[in-house]
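Q: I'll drop the sequence and a predicted model, then ask my questions.
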Amino acid sequence: MSRAAFAASLLLLLLLSAAARAQQGDSAHTDSTRADSAKAHVLAPTVVTSTRLGDVDEHVPAQVDHVDVKTIAPGPAEAASALVRLPGVSAYDDQGTPAQPTLEIRGFNLSPVVGVPQGVSVFLDGVRVNEADAQEVNFDLLPMDAVSRAQLVRGPATLYGKNTLAGALVLFTQRGEEVPVMSAEVSAGSYGAYGATVNAGGVSHGLDAFITATAFDESGWRDVTAARERSLFLNLGRKRDSTDLALSVLYAHDRIEQAGSLPASWLAVDPTLNFTGGDFFEPELWHLSLRGERPLGAGTLRGTVFYRGLSAEQYNVNVNAPASDLFIDNHAYGLTAEWSASLPAFGRAVAFTAGAELSRSDVHETIYGGAPPACDSLTSLCANVYVPETDAALFGQATLPLSAAVSLTAAARGDWVRLPFQDRLDSANSATSSYAHLSPRLGANFTFSPTVRGYATVGGGFRAPAPVELGCASETAPCPLPYALGDDPALAPVTLTSYEAGADWEPAGGSTLDASMFWSEIHDEIVFVASTNTAGYFRNIPHTRRAGIEVSGTLALPHGLRAAASYTYLMATYQSTVLLSSQLPVADTARPGDVFPLSPRSRVTLTFGGTKVIGTGVFDAEIGMNAVSTQYLRGDDANAETPLPGYAVWRLRLTYQRDHVAVTGTVRNLFDRSFASFGAYGTNPVGPPGGPPSSQVERFYTPAQPRSFVLAVTVSR
C-alpha cells in the first residue's frame, strides 16, 4: 500500500465519520454490549486517566480490543485461542502442537518459540511476562482461569516500553469478592483431552482471596504430541478505605511434546507422523508479585514488586545431526512505581501520569549435544552462558482537554538496557552491549457527536536485542538449533515510527462500526535467518514497513440474535534489498515491496450467535470463522515460489446453563478442513517414508488439527 493510498484511505475515513455525524446529529449515546470475543474497538471521551499499572483506559488515542476470556475452551494455550478471534490476528504452528502457536498482530509476532523475533509485550497484573532470554511468551504458563479481564492495546503504546511494537496484551486477575464464589469444571474431548479446574474466592475479616487450580492432559492427534498442564494461582489482598494491597503467587509445571513440521512427501502419506519424534518443552515457573495503591497528595500512587523464575528444558531431535538439549534458568525481579492525578493547567483538568521501572534479569543457559570441537567430548557441553540484564525506564503521559470535543495526549518513555554477555566456557567471547532510546507519542481524540468518535496519533517504539539474539548473530557461524551462543557481531536496536487514525460509530440499538489505519516505518528490524534445517542466525534489516486497514462491526438483531465481522488488509514488507540465507537453490534476495513470509495480506472473521431462555435455563449458541489469504513459506523472502494456500476454519460453541450447572460443547475445525498454517523450505535427508535417502529440498508443512471437540461441565455456587 503506497503513501498515496494510505492518505486517500484516511480522507475516506474522515468523510465517513463526518457523514455519520450528520446522520446522528445530537442523538443520545447508547452503550452497547459487544456481541463477540472479537469485541470492537472503543475510542475516547476527552478526559483520560490511562496508567501503566492500572486498567487500560479505552479512551486514549489508540485502538483497544476487549479479549473474551470467558468462552474459550479448556486447553494449555487459552490466551492464544482468545486472541486469534480478534480482528487482524492470525496464527501459525511451526512446533506441531496446539499448545505453542505463533500469533501475528499487525505484522509482528507473539510466540512461545525461541528464535521468533517478538513484537508484542504481555503483562500480568502489571508485570511483564515476556521471558528474559528471548522475549518469548509461553501461553501455557498464563493463568487464564484466574484472569478476569484482558485488553489488547494496539500500536507502540508508549507507557509499556520495550518490545511494544505491535501492541501490548494486558491481563488482570480475579480478586475475592464480598459474595463468596466456588466452582468446579471437568472437561473431556478428542485426542485424549481431559482436564479439571477448581476456583474459590471471597472476603473474610477484611482480607480477600481467590484461588484456582488447573490440570489438563492431552495425548495429541499426531505421534508423540502429548501435553500436560499443572498450575496453581493465589490472589490474597486487603482493601481499606482508598488503600489496596494484593499478593499474587503462581506456580506452573507443564510438559509439551512437539511434532514440528513434515516434509511434503511425508504429509502425503500420513499427516499424523512425527518427523523428529522426541522433541519436548518442559517449563517450571514461580511468579510472585506484590502490588498496591494509595492516595498521595492530589493523586494516586501505585507500585508493583515482582519475582519471576523460569526453569525449562527444550530437547530437540535432529535428523542426521546430534540431538540438542537446552536448559534455561531465568530469574527476573524488579519494581514499577507511578503517580497519577488530575491537575489544573490552562484553566482545565489535565490527566497526568509519571513513573519509573527498574528490573534485573539473570539468564543462564546451557546446551548439551553435538560433537567436538564445538562441544566437550566428555560432557557434550556446547554452551554455558550467563547474561545479567538490567533495564531501567522513566515514563510520563498528560492529556489536556481543549474542549468538550477535542483532547490532546502527549507521552514519552526513556529506556536504558544493559546486556553483559558472559561466556563461561571461553571468557574471550564475553562482551557488554548497552542501549538507550526515547519513545515519544502525540495524539488527539475527537468527539464528532455522542455516537461518533475518532483519534489520530503518531508515536515511536523500541526493542533491544534479546540475549539469545546477541549471542547468535554471525552469518559465518550459524547457531545449531535451538542455538549455540557466542560473541557475535553486535545487533542494533529496533526502532519504529507509527502513524495511526481511527473512528468508532455506536448508533442506538447496540450495533457498532469501527475502522482504523496504521503506517509504521521500522529500522534495524531483527529477523531470524534459517541457513539450514537445524541452524540459523539473527540479523538486522535496514528498513521494513507495516501498513494496514482494520474494519470491524457488530450487529444486534431481534430475538436475542447477534452478528460480528471484521476485515484486515495488512502489508508487512521489506523496504531494503537484503540477501538472506535460504534452503532454496537460488539466492533469496528480498527487495523493497516483497512481503514477509507467513504474513497473509487479508484476514476475515465472522461470528453469528444467539441467546434464548428455555424454561428456567439459558441456551447460547455461537458459530465463528477465521480466514486468511495466501502467505509465502518461510525461506521465500523474495516471494518467488508458490505460496501457502489461504484457508477458512470454523468453530462452534453451544452452552446451556440452568441454576448452578452449565454444560458447554466446543467444536474446533467444524467442517474438518485439511490445511496447513505453516510452511518452510528444508532438506529431507531421509527421503519419503521408507526411503530411499535424499538430499532434495522439500516444502515442510505443519498440518492443522482435524475436527475436535471438548465437552465441559461447570458447577458453581
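A: Here it is on my side, so go on.
Q: burial of Phe327, as a residue count?
A: Neighbour count of Phe327, defined by other CB atoms under 10 Å: 15. In short, each C-beta sits where N, CA and C put it, glycine included.
Q: can you tell me the helix or strand for it?
A: strand 324-345 (DSSP states H and E).
Q: next one: Phe619
A: strand 617-628.
Q: just the mean pLDDT for that strand, thanks.
A: Strand 617-628 carries an average pLDDT of 97.
Q: what of stretch 352-359?
A: Taken as a whole, stretch 352-359 has a mean pLDDT of 96.
Q: how far does that stretch sit from its chain's centre?
A: Stretch 352-359 sits 23 Å away from the centroid of its parent chain (CA atoms, centre = their mean, to the nearest Å).
Q: ok, now stretch 613-630?
A: 24 Å.
Q: my guess is Gln696 meets Asn684, correct?
A: Yes - here Gln696 lies in contact with Asn684, judged by CB atoms under 8 Å, at a distance of 6.5 Å.
Q: circling back: partner strands of the strand holding Phe327, with direction?
A: If you go by DSSP bridges, strand 324-345 pairs up with strand 299-316 (antiparallel), strand 348-368 (antiparallel).
Q: more crowded one of Gln696 and Asn684?
A: Here Gln696 and Asn684 are compared on neighbour count by other CB under 10 Å; more neighbours surround Asn684, at 22 against 11.
Q: that one contacts Ser261, correct?
A: No - counting by CB under 8 Å, Asn684 sits too far from Ser261 to count as a contact (10.9 Å).
Q: what do those two both touch?
A: Counting by CB atoms under 8 Å, 6 or more residues apart in numbering, the residues touching both Asn684 and Ser261 are Phe700.
Q: so what pLDDT did Gln100 get?
A: Among the per-residue scores, Gln100 holds a pLDDT of 94.
Q: pretty sure it is in a strand, no?
A: No - under the criterion used here (DSSP: H, G, I helix; E, B strand; the rest coil), Gln100 is coil, not part of a strand.
Q: report the contact partners of it.
A: Listed by CB under 8 Å, 6+ apart, the contact set of Gln100 reads Ala77, Asp93, Ser111, Pro112, Val113, Phe139, Asp140, Ile256, Gln258, Phe281.
Q: only alpha carbons, please: show stretch 306-315 as CSV.
A: What follows is stretch 306-315, C-alpha atoms only, in CSV (Å, rounded to 0.1, in the frame of the first residue of the first chain):
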residue,chain,number,x,y,z
PHE,A,306,7.8,-8.9,41.4
TYR,A,307,9.9,-12.0,41.1
ARG,A,308,9.7,-14.4,38.2
GLY,A,309,11.7,-17.6,38.0
LEU,A,310,11.5,-19.9,35.0
SER,A,311,13.4,-23.2,34.6
ALA,A,312,12.9,-25.1,31.4
GLU,A,313,14.3,-27.8,29.2
GLN,A,314,14.0,-27.8,25.4
TYR,A,315,15.0,-31.1,23.8
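Q: quick one: mean pLDDT over that stretch.
A: 97.
Q: distance from it to the middle of the chain?
A: Worked out by CA atoms, centre = their mean, stretch 306-315 lies 19 Å from the chain centre.
Q: now stretch 575-582
A: 26 Å.
Q: so what's the residue lying closest to Ala354 once chain neighbours are set aside up against?
A: Once flanking residues are discounted, Ala354 sits nearest to Gly396: 4.4 Å by CB to CB, 6 or more residues apart in numbering. The neighbours of Gly396, taking CB under 8 Å, 6+ apart as the test, are Phe352, Thr353, Ala354, Gly355, Ala411, Ala412, Arg413.
Q: just checking, the first one touches Thr300?
A: Meaning Phe352. No - the criterion here is CB under 8 Å, and Phe352 misses it with Thr300 at 11.1 Å.
Q: what do those two both touch?
A: Ser340, Ala341.
Q: all helices for the stretch 401-550 of the chain, in order.
A: Using DSSP state H, counting those that start in this stretch, the helices of the stretch 401-550 of the chain run over 467-470.
Q: low-confidence bits of it, can you list those?
A: 473-489, 530-536 (pLDDT under 70).
Q: could you check the distance from Thr243 over to Arg302?
A: 11 Å (CB to CB, to the nearest Å).
Q: which strand residues bridge Leu438?
A: Beta-bridge partners, per DSSP bridges, of Leu438: Gly414.
Q: what is the neighbour count of the residue nearest to Arg546 when sequence neighbours are not counted?
A: Of all residues not flanking Arg546 in the chain, Gly107 sits nearest, at 4.0 Å (CB to CB, 6+ apart). When neighbours are counted by other CB under 10 Å, Gly107 registers 24.
Q: overlap in contacts of Thr243 and Arg302?
A: Common neighbours of Thr243 and Arg302 (CB under 8 Å, 6+ apart) are Gly292, Glu293.
Q: with neighbour numbers in mind, choose between these two.
A: More neighbours surround Arg302 than the other of Thr243 and Arg302, with 23 against 11 (other CB under 10 Å).
Q: bridging residues for the more buried one?
A: Beta-bridge partners of Arg302, as defined by DSSP bridges: Glu293, Glu338.
Q: list the contacts of it.
A: Arg302 is in contact with Thr51, Leu53, Gly54, Arg291, Gly292, Glu293, Ala337, Glu338, Trp339, Ser340, counting by CB under 8 Å, 6+ apart.
Q: list the contacts of the fifth one.
A: For Gly292, the residues meeting the contact criterion (CB under 8 Å, 6+ apart) are Thr243, Asp244, Leu245, Ala246, Arg302, Gly303.
Q: can you list the residues you listed in CSV and add distance to Gln657?
A: Putting the contacts of Gly292 into CSV (distance: CB to CB, whole Å) gives the following:
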residue, distance to Gln657
Thr243, 37
Asp244, 32
Leu245, 35
Ala246, 30
Arg302, 37
Gly303, 40
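Q: tell me the spacing between Asp279 and Gly682.
A: In terms of CB to CB, Asp279 sits 15 Å off from Gly682.
Q: now Phe675
A: In terms of CB to CB, Phe675 sits 20 Å off from Gly682.
Q: ok, Ser204 next?
A: The value you get for Ser204 to Gly682, if CB to CB is used, is 58 Å.
Q: please apply the same query to Phe346.
A: As judged by CB to CB, Phe346 and Gly682 stand 62 Å apart.
Q: and for Glu641?
A: Distance from Glu641 to Gly682, by CB to CB: 13 Å.
Q: those two - which one has more neighbours?
A: Counted by other CB under 10 Å, Glu641 and Gly682 do not tie: Gly682 has more neighbours, with 20 against 17.
Q: check which helix or strand covers that one.
A: strand 676-683.
Q: quick one: the residue nearest to Arg546 and Ala572 touch, right?
A: Yes - counting by CB under 8 Å, Ala572 is a contact partner of Gly107 at 3.3 Å.
Q: what is in contact with those two at once?
A: Both Gly107 and Ala572 are contacted by Arg546, Phe596, Ser599, under the criterion CB under 8 Å, 6+ apart.
Q: can you give me the distance of the second one to Asp636?
A: As judged by CB to CB, Phe596 and Asp636 stand 10 Å apart.
Q: tell me where the model's unsure across the stretch 551-700 of the chain.
A: Looking at the stretch 551-700 of the chain by pLDDT under 70, you get 587.
Q: neighbour-wise, give me the winner out of the contacts of Arg302.
A: Among the contacts of Arg302, the one with the most neighbours (other CB under 10 Å) is Glu338, at 25 neighbours.
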